[in-house]
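Asks: Give me the fold of what follows.
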Amino acid sequence: MDRVALRGHLSGSVPISIAAHLAALLLLFIIPLAADVVIPIPSSQMPEYVRVMPLPPPPAFVPARAARPSPATPREGPAVPLEAPKSIQPEPADPGPPLNLPGAAPGGLPADLGGIGAVGPPVVPPPPDPPKPAGPVRAAQLPELPRKIVDVHPVYPEIARAAHVEGTVMLEAVLDPAGRVTQLRVVKSIPLLDQAALDAVRQWRYTPSMYGGRPVSVLMTITIRFTLQQ
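Replies: Residues are numbered from 1 along each chain as shown. Model prediction:
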């Protein structure tokens, strides 16, 4: 009994529920779609910030003028004869550069044309004498070495002889223009023999030395050999 009543109650409420849902869907979707939609009408006037200044008119077209060709300047050159010559004349010979002869007048011609023998090679002056040196000249620079004309042998010192000392003493001597020994300096020394060598060389005499045609002082080296005789 109860089941029959419940089934009858449910069968009556289901159609009502379906109808309610359909009504809700109709209100939510179909009615808004069917309603009149108002479309906005665009404004016929544009806002101020959209307006643009009109473009300037294009410049007037001016055709370019063609440049006139300037008349060609005639080149300077030899004049062309208008008429042909009656005969051909030979060309004049080239005289060449003027001669620079001694005693020549302006223009290269000699002042005296007395004969061909007057023209000769130029005279070369002799070279000047070498300047005179300020100091003594070394013997190796002289054209001729001085020659010894007075010779004095050195005296062997007794102390060197007793000590059996022998060897070579080398001196540097300066000769005056007359050939006399004026200065002496020991270059290679043997103490027991130096003074004997100096005393002997101071008495030597040489021939005068010439350099550039003038007598000069000479710087030379003198060696003296001391040897003990057995």
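Asks: Just give the nearest non-adjacent residue to residue 228, would you?
Replies: residue 166 (5.1 Å; Cβ to Cβ, 6 or more residues apart in numbering). For every residue, glycine as well, the C-beta is placed using N, CA and C.
Asks: isn't that neighbour right up against residue 227?
Replies: Yes: between residue 166 and residue 227 a contact is recorded at 5.4 Å, counting by Cβ atoms under 8 Å.
Asks: of these two, who's got more company?
Replies: Set residue 166 next to residue 227 and count neighbours by other Cβ atoms under 10 Å: residue 166 wins out with 16 against 9.
Asks: List the residues that contact the more buried one.
Replies: 160, 193, 226-228 (Cβ atoms under 8 Å, 6 or more residues apart in numbering).
Asks: What is the nearest of those to residue 17?
Replies: Ranked by distance to residue 17 (Cβ to Cβ), these are led by residue 193 at 162.5 Å.
Asks: Next, count neighbours for the closest one.
Replies: Residue 193 has 21 nearby residues by other Cβ under 10 Å.
Asks: The one 5 residues further on too?
Replies: Applying the criterion other Cβ under 10 Å, we find 18 residues in the vicinity of residue 198.
Asks: excluding its backbone neighbours, what's nearest it?
Replies: Once flanking residues are discounted, residue 198 sits nearest to residue 184: 5.7 Å by Cβ to Cβ, 6+ apart.
Asks: Show only the entries of the contacts of residue 166 found in strands.
Replies: residue 226 (DSSP state E).
Asks: Just send the contacts of residue 166 back as a markdown table, with pLDDT and distance to residue 90 too.
Replies: Below are the contacts of residue 166 laid out as a markdown table (pLDDT from 0 to 100; distance: Cβ to Cβ, whole Å):
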| residue | pLDDT | distance to residue 90 |
| --- | --- | --- |
| 160 | 94 | 101 |
| 193 | 96 | 96 |
| 226 | 95 | 95 |
| 227 | 93 | 95 |
| 228 | 88 | 101 |
